[in-house]
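>>> please work out how this folds:
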Amino acid sequence: MRLPIFAAGLLLATRVFAATPEETVRQATVQFAPNIKVEAVQESAVPGFYEAIVGGEFVYVSKDGRFMLNGRAFDVAAKRDMTEASRAKVRQAALAKIGPDKRIVFAPQAPLATKHTVTVFTDVDCPFCRRFHEQIAQYNAKGIAVDYLFFPLSIHPGADKKAEAVWCSKDRPSAFTRAMAGQDPGNATCPNPVPELSALAQSIGIGGTPTMLAADGTAIPSQVAMSPDRLAAELDRMAQASIAKN
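Residues are numbered from 1 along each chain as shown. I've put the predicted structure just below:
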């Protein structure tokens, strides 16, 4: 549940003095939410502020610890969302720690070549997740590999058990496809990454499913992600922009 401290555009003032960026942020947030976790702190592109992930959300804390802001920071001259750029870097770093042994992968088969890979946080009881997976062959045909990470939502009681049953099956991709078609995956249990992946999703601000991230951590809008044609075009555009930037 989101705390009032993190309402969009909220400006708070307090007197905090700390020697390190981490302590500055921690002492600022503890005034309003004593038990909330400070997950990361770094220099911000906004002059005079630190950028931090607190309780899964981005906040900006002035270097003297007096002011704390929640919301998105924009570079007006460059027409750039600086907060989204920082979020993408955090997501990319987090995903890099999740190996292939914790993913369910649907990739183009030979002779098709994989041009792009996206990561999708999914829930077997999510209607839009099911609609997305109905088109998996079309995504693959366009050279897009899809790495699924389980993120069963609390609004779907029992989805975590279904995710575990899919994971514990002998053929995970087939079991996943059947579950996405509404079939009962059974009740198999085994050591599984579902709790870890759910915690990861929450820590990087993923709030719903399906949520798609590009290889650089950029969140793909749902209206684009749900269309194989639009997604392929957007991933091509992003790749070209990255080449031009470098």
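>>> for the most centrally placed residue in the chain, what are its contacts?
Ranked by distance to the mean C-alpha position of the chain (Cα atoms, centre = their mean), the top residue is I206 at 4.5 Å. The contact partners of I206, by Cβ atoms under 8 Å, 6 or more residues apart in numbering, come to 121, 151. Bear in mind the C-beta positions are built from the backbone N, C-alpha and C, glycine included.
>>> where does it land in three-state SS?
Recorded secondary structure, I206: coil (DSSP: H, G, I helix; E, B strand; the rest coil).
>>> for the helix or strand harbouring I243, name the packing helices and strands.
Secondary structure assignment for I243, by DSSP states H and E: helix 228-245. Packed against helix 228-245 by the contact rule (3 or more Cβ pairs under 8 Å, 6 or more residues apart in numbering; DSSP states H and E) you find strand 116-122, helix 136-141, strand 144-150, helix 222-225.
>>> run the last query once more with 7 Å
helix 136-141, strand 144-150, helix 222-225 (3 or more Cβ pairs under 7 Å, 6 or more residues apart in numbering; DSSP states H and E).
>>> could you tell me which ranges of this structure sit under the pLDDT cut-off?
Across the chain, the ranges flagged by pLDDT under 70 are 1-19, 111, 246.
>>> quick one, domains of the chain?
According to automatic domain parsing, the chain is divided into the following domains: 4-71, 100-245.
>>> can you list those in JSON lines and add distance to D81?
Formatted as JSON lines, the domains of the chain follow (distance: least, Cβ to Cβ, whole Å):
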{"stretch": "domain 4-71", "distance to D81": "11"}
{"stretch": "domain 100-245", "distance to D81": "11"}
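>>> quick one: neighbours of A219, just the number.
Close neighbours of A219, defined as other Cβ atoms under 10 Å, add up to 16.
>>> from T114, how far off is it?
Going from A219 to T114 by Cβ to Cβ, to the nearest Å gives 21 Å.
>>> show me where this protein has strands.
When secondary structure is read from DSSP state E, the chain shows strands at 11-13, 38-43, 49-54, 57-62, 67-70, 74-75, 80-81, 104-106, 116-122, 144-150, 211-213, 219-220.
>>> so which elements touch the last one?
Packed against strand 219-220 by the contact rule (3+ Cβ pairs under 7 Å, 6+ apart) you find strand 211-213.
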